[in-house]
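In: Return a 3D structure for these sequence lines:
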Amino acid sequence: MNAADLASLMCSRLCHDLMSPVGALNNGIELMADEQDPEMRDKCLELLGESARASANKLKFFRLAFGAAGGFGDSIDTHEAQTALEGIFGRERRIELGWMVPGDKLPKGAVKLLLNLALLAGDALVRGGRLDVGAETSDDMLELVIRADSGPGRESLSGLICRPGEVRATGPLRQQADAERLCDAARDLSSELTSKPPARRVCTRIYGGPQTARITGTIDGRRVDRTFKRTDGCETKDYAQIAKILPS
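Out: Modelled structure (predicted):
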């Protein structure tokens, strides 16, 4: 990738992340211009304040992680980096930040790398969790550590009955869709549910996620006992096929 393409991707990322708070600022100003109710105007002001803080926090982080923040010296104040991370992973992201970086200064390049790694790891915590950021110096070597933990997984048990005169779903699946449509989808997937995947198939080594689904029972008189995971490209594709009959 050449420098121009990298700069283009970087600009796209910055614009994407700023679009939401800046758009909210614009919407709040438009509402303020038309709204006369005092209570609604207070809510508009609250919206404007939150959006302004979010925009400022993102700009501070981008300036430190991607720009020339920190001056022309060789090191950056680690407390400034911690504040930048705390600002971008606010309470609305439901991410608990564990900052384990000793000392007051780190090399500028190390701080920028640490912030970029933390940004990538934080983006993976789509439902919140804990993000640990650490650094340690030993024998003139600097080690950076990022750990993202989304917490323990959730288990659920659902059932689907598709008999003449009795069509119903149980458990979390009951809230997802009409039982008739779920039964139709299960029948369409009968070959995938009752047969094993090919013993030899070429798969990418791309990890899709920790989700696991085990489906047991019978369909059209045939036994079903399949486990679907997302550990590589093939299994992720299999999982996506049967996702329509899984609780969301």
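In: For Thr216, which three-state class applies?
Out: Under the three-state scheme (DSSP: H, G, I helix; E, B strand; the rest coil), Thr216 adopts strand.
In: ok, and the closest non-adjacent residue to it?
Out: Closest residue to Thr216 apart from its sequence neighbours, by CB to CB, 6 or more residues apart in numbering: Asp225 at 5.0 Å. Bear in mind the C-beta positions are built from the backbone N, C-alpha and C, glycine included.
In: Does Met40 lie in a helix or a strand, and which?
Out: helix 38-65 (DSSP states H and E).
In: Check which residues of that helix are buried.
Out: 44, 47-48, 50-51, 54-55, 57-62, 64-65 (16 or more other CB atoms under 10 Å).
In: chain center to that helix: distance?
Out: Once both centres are worked out by CA atoms, centre = their mean, to the nearest Å, helix 38-65 turns out to sit 22 Å from its chain's centre.
In: Tell me the helices and strands packed up against it.
Out: If contacts are counted by 3 or more CB pairs under 8 Å, 6 or more residues apart in numbering; DSSP states H and E, helix 38-65 sits against helix 3-34, helix 78-88, helix 108-124.
In: So which of those helices is nearest Pro102?
Out: helix 78-88 (8.3 Å; CB to CB).
In: Arg147 belongs to a strand?
Out: Yes: counting by three-state DSSP, Arg147 is found in a strand.
In: can you pull the contacts of it?
Out: Ala121, Leu131, Asp132, Gly134 (CB atoms under 8 Å, 6 or more residues apart in numbering).
In: phi, psi of the last one?
Out: Note on Gly134: its backbone torsions stand at phi -140, psi 160 [degrees, to the nearest 10].
In: Just want the angle from the helix holding Met40 to helix 108-124.
Out: Angle of helix 38-65 versus helix 108-124, following axes from the mean of the first three to the mean of the last three CA atoms, to 10 degrees, is 140 degrees.
In: Count the neighbours of Leu182 for me.
Out: 22 (other CB atoms under 10 Å).
In: Just the buried positions in the lowest-mean-pLDDT helix or strand in the chain, please.
Out: Lowest by mean pLDDT, DSSP states H and E among the helices and strands of the chain is helix 3-34, with a mean of 83. Residues Asp17, Pro21, Val22, Ala24, Leu25, Gly28, Leu31 are the ones in helix 3-34 that count as buried (16+ other CB under 10 Å).
In: okay, and for this protein, where does confidence drop off?
Out: Low-confidence segments of the chain, defined by pLDDT under 70, span residues 69-72, 90-93, 153, 177.
In: Which secondary structure state does the most centrally placed residue in it sit in?
Out: Residue closest to the average C-alpha location in the chain (CA atoms, centre = their mean): Val126, at 2.6 Å. Using three-state DSSP, the structure places Val126 in coil.
In: any idea how far Lys237 is from it?
Out: From Val126 over to Lys237 the distance is 21 Å, taken as CB to CB, to the nearest Å.
In: Including distance to Ala179, could the helices and strands packed on helix 38-65 go into TSV?
Out: Output for the helices and strands packed on helix 38-65, formatted as TSV (distance: least, CB to CB, whole Å):
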stretch	distance to Ala179
helix 3-34	37
helix 78-88	43
helix 108-124	34
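In: Compute the distance between the residue nearest to Gly128 when sequence neighbours are not counted and Leu125, please.
Out: Distances taken as CB to CB, 6+ apart place Arg94 nearest to Gly128, at 3.0 Å, with adjacent residues excluded. Counting by CB to CB, the gap between Arg94 and Leu125 amounts to 8 Å.
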